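# predicted structure and sequence below. I'll ask about it afterward.
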Protein chains: 2
Amino acid sequence: MASSHTQTVELGERSYPIVVGRGLLAGQFDLAAHVSGADCLIVSNETVAPLYLQKLTANLSGKTVKTLILPDGEAHKTIDSSTRVIDALVDAGANRDTTLIALGGGVIGDITGFAAATYMRGVPVIQVATTLLAQVDSSVGGKTGVNHPGGKNLIGAFHQPKLVLIDTETLSTLPARELAAGLAEAVKHGAIADADYFHWMEQNAAALLARDMDALAHLIMRSCQIKAAVVAEDEREHGARALLNFGHTFAHAIENSLGYGEWLHGEAVAAGMLMAAELGGLDDAQTGRLVSLLEAFNLPVRPPPVGAARLRAAMSLDKKVAAKRLRFILLHAIGDAYISEDVADELLSRVLARGDA
Amino acid sequence: MASSHTQTVELGERSYPIVVGRGLLAGQFDLAAHVSGADCLIVSNETVAPLYLQKLTANLSGKTVKTLILPDGEAHKTIDSSTRVIDALVDAGANRDTTLIALGGGVIGDITGFAAATYMRGVPVIQVATTLLAQVDSSVGGKTGVNHPGGKNLIGAFHQPKLVLIDTETLSTLPARELAAGLAEAVKHGAIADADYFHWMEQNAAALLARDMDALAHLIMRSCQIKAAVVAEDEREHGARALLNFGHTFAHAIENSLGYGEWLHGEAVAAGMLMAAELGGLDDAQTGRLVSLLEAFNLPVRPPPVGAARLRAAMSLDKKVAAKRLRFILLHAIGDAYISEDVADELLSRVLARGDA
């Protein structure tokens, strides 16, 4: 049971390991060795802390450990929450050697990472990812940030963690809806970069939904490999990293239009990927496979009925809009993505209207 | 009158020019050529905007220009002000190609730079420095940030500008107290790195105070050269850049204790440098020269009477505190600084009490 796998994100002196294993929080991993200073501040939320905070703290003997518990949910991914983390650091007398530890999913990871990026112009952060979405995607790669009423992640920074720790045991307590949301990002990785991986998910969909731990561990490792390779090549998204935004321009518009937290991020990505697939002219057979896999994972395959006009307005502030020109990640085929700035407006309107009655 | 000098900050693909000249804002410089996209947002304050905003805007023909005017003063260097800049960017529909332009002194530069560092995880920023302090020091090097009630610049990021533009003509409208505050940072550069420069300031103190434009231009260029060299060697302050903090641990404690804005930053640095000189055992003759030069510039040479205990408490949160150990920049001699973590507490107490009656 103590086996673990390590994948390194290769970024020169900012390289770091992603360690994946079952039971790591139960003492199978020397976490304290990765905390360079004497002090750390754990940031978690009201849902995750009762489940895993005590276990995590037990791995930090010899360190001075403070904790901050935030409310749960995307609605709290705000500048106010990151300011609360900064306030807690100030209260703790934290300095440049204090390590922040994010214990939770993507929201906690993004808030904590952003606070770490900006406190004293940067302190170390460790991501302890407890949701599948964070484990396959958001905890890796150093994108941090918070939402603004005007758009998702509009305030943020690139700040790589020192370590990503993934105890697959945490998936046993994850709500089914959140498990599915994480699977959406894994589908994204297959869709943009690895047709074999996509095929493997098709064949193992039932096992993944049934939380077969070996299947989930394989999924996490494969997604982390793909993400680590892309990030190593293009840390700050000047080029290839943009492919990881497949489905995200639409997803962000959906989340912003509905109100943050109404749909989970992964759910919005699922609908957004199909909108992008239609936009890019993926053939019917391959589009059908994408629909089937997302449906197998109980994910939405069309946008909510908020209206095409509302979605279009929300899109114009998305970060992927370069120089006022809409930029989309589209698919030639499953496993083969490309960037396009050449989408007919009429086609876009049709795709945006797919959720309307 | 159209002559200008350029000093490059060498940081690989993030290199940028510092352009210094008299009358640059009156059309001697092609600013628009340095704005990569079509849009820019100028951030200034209520004091500077009436003087220079129109001139600056005239240099941006062909660009879409929006402006945001903040209140003046260090008391407004807060996370709320940087959020106001972000809000203005959102309102303007700004994207990753929008350039922020800071028109003002160190406070406007720090707020605007931090907003640029965090909007969409980083957009371009140009510093148009209109105070001597910003021209000799704060506009160069990419340190951005805002204050927290617990300490100076506790929230920030490293984010290099694309260009630093210094029109020495702006010094003609600068209040005398602010001119002196800028001279304090120039004294710092001489004190830590260049005895000849220090000597030059001693000989030209009267001309500098009388705003001899040639003398001021020489001062700005020499300080920018020193700062650019240090930043090129150690952008993120892992080593030698810390020497630029000479006087600053004490200065930050003074500013925090008095309330931000009560003393100008440069005034606090002046008093802080003498406290550090005493701590490091600079000999009497050289300490006397430091006192004389600062007094010639009408700068304070001892801390305000806030009490040693208050100053000590404020110091413990300063960023220069590494691993709870106080770290000071001290002088062997004028022009020769070093880092020390080995300061006797008794001596520190005596220095902190220098402002008490």
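That came through, no problem. Numbering: from 1, shown residues only, chains lettered A, B, ... in the order given.

# going forward, measure contacts between C-alpha atoms and count neighbours the same way
Fine.

# domains of chain A?
Using automatic domain parsing, the domain parsing of chain A gives A:4-173, A:191-355.

# so where do the helices sit in chain A?
Taking DSSP state H as the criterion, chain A carries its helices at A:49-58, A:79-91, A:106-118, A:132-133, A:176-193, A:195-209, A:213-233, A:248-258, A:265-280, A:284-296, A:308-315, A:345-352.

# okay if I get those as JSON lines plus distance to chain B and mean neighbour count?
Converted to JSON lines, the helices of chain A look like this (distance: least, CA to the nearest CA, whole Å; neighbours: other CA atoms under 10 Å in any protein chain shown):
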{"stretch": "helix A:49-58", "distance to chain B": "21", "mean neighbour count": "16"}
{"stretch": "helix A:79-91", "distance to chain B": "6", "mean neighbour count": "19"}
{"stretch": "helix A:106-118", "distance to chain B": "5", "mean neighbour count": "30"}
{"stretch": "helix A:132-133", "distance to chain B": "21", "mean neighbour count": "26"}
{"stretch": "helix A:176-193", "distance to chain B": "21", "mean neighbour count": "24"}
{"stretch": "helix A:195-209", "distance to chain B": "31", "mean neighbour count": "17"}
{"stretch": "helix A:213-233", "distance to chain B": "15", "mean neighbour count": "20"}
{"stretch": "helix A:248-258", "distance to chain B": "13", "mean neighbour count": "25"}
{"stretch": "helix A:265-280", "distance to chain B": "18", "mean neighbour count": "26"}
{"stretch": "helix A:284-296", "distance to chain B": "29", "mean neighbour count": "16"}
{"stretch": "helix A:308-315", "distance to chain B": "11", "mean neighbour count": "18"}
{"stretch": "helix A:345-352", "distance to chain B": "19", "mean neighbour count": "15"}
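
# how about those helices in TSV, adding mean pLDDT?
Formatted as TSV, those follow (pLDDT from 0 to 100):
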stretch	mean pLDDT
helix A:49-58	97
helix A:79-91	97
helix A:106-118	98
helix A:132-133	98
helix A:176-193	98
helix A:195-209	98
helix A:213-233	97
helix A:248-258	95
helix A:265-280	96
helix A:284-296	98
helix A:308-315	92
helix A:345-352	92
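
# out of these, which comes closest to residue A:35?
Shortest distance between residue A:35 and the helices of chain A, using CA to CA, is found for helix A:49-58: 12.4 Å.

# helices and strands around the closest one, which ones?
The contact analysis (3 or more CA pairs under 8 Å, 6 or more residues apart in numbering or on different chains; DSSP states H and E) places helix A:49-58 against no helix or strand.

# please enumerate residues in contact with it?
Around helix A:49-58, the neighbours that count as contacts under CA atoms under 8 Å, 6 or more residues apart in numbering or on different chains are A:25-27, A:44, A:65, A:69, A:103.

# now for the helices of chain A, which one comes closest to residue B:91?
With CA to CA as the criterion, residue B:91 lies closest to helix A:308-315 of the helices of chain A, at 12.5 Å.

# tell me which residue is most central in chain A.
Central residue of chain A (CA atoms, centre = their mean): residue A:138, 2.5 Å from the mean position.

# circling back: so which of the helices of chain A is nearest residue B:243?
Using CA to CA, the nearest of those to residue B:243 is helix A:106-118, at 21.8 Å.

# between the closest one and helix A:79-91, how big is the angle?
Helix A:106-118 runs at 50 degrees relative to helix A:79-91, counting by axes from the mean of the first three to the mean of the last three CA atoms, to 10 degrees.
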